[in-house]
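Q: No sequence on hand, only this structure:
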């Protein structure tokens, strides 16, 4: 019943020691979504995650650790493919809504796979775009929003 696409930035916070509050919140939320079988990620999220935890963190993960994390996410979450239709829809929405192509790909993957929610820090909390609602797990109203997600 995967109904929440977890964006790369939320996954990375779990391994980023620079903000312990966000780290703890991200870990709690992602683990809860995985345990309840609600978590989805796109292929794009997995590759961005690997790149970021390997080379962009102040304390990067080792190659083996990063690979293990990607394997775990691949097994624990529904993984959404990037198809030509998703790419075309992302290009349209990037033009129509002035979104970065990377954010548009996340949105289009959710839309085409009937995922109702995107968990991200990169959009306004509770903003709805063509049926996909953005949720920010660090927003003060997040717990209330999460309880309403069905």
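A: Yes, it's here. Just so it is clear, the structure is predicted and the values come from calculations on it, not from any experiment. Residues are numbered from 1 along each chain as shown.

Q: contacts and neighbour counts: CA atoms only from here.
A: Noted.

Q: Am I right that residue 5 is in a helix?
A: No: using DSSP: H, G, I helix; E, B strand; the rest coil, the assignment for residue 5 is strand, not a helix.

Q: Name the residues of the longest helix along the chain that are buried.
A: Identified as the longest helix of the chain according to DSSP state H is helix 20-35. In terms of neighbour count (16 or more other Cα atoms under 10 Å), helix 20-35 has its buried residues at 22, 23, 25, 26, 27, 29, 30, 33, 34.

Q: who touches it?
A: For helix 20-35, contacts defined as Cα atoms under 8 Å, 6 or more residues apart in numbering pick out 4, 6, 10-11, 13-17, 39, 76-77, 137-138.

Q: Please dump the buried residues of helix 20-35 into a markdown table; it should also carry pLDDT and distance to residue 104 for every row.
A: Output for those, formatted as a markdown table (pLDDT from 0 to 100; distance: Cα to Cα, whole Å):
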| residue | pLDDT | distance to residue 104 |
| --- | --- | --- |
| 22 | 97 | 24 |
| 23 | 97 | 25 |
| 25 | 95 | 25 |
| 26 | 96 | 22 |
| 27 | 96 | 25 |
| 29 | 95 | 23 |
| 30 | 96 | 22 |
| 33 | 95 | 23 |
| 34 | 96 | 24 |
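
Q: re earlier: any idea which helix or strand comes after the longest helix of the chain?
A: Counting by DSSP states H and E, the next helix or strand C-terminal to helix 20-35 is strand 39-42.
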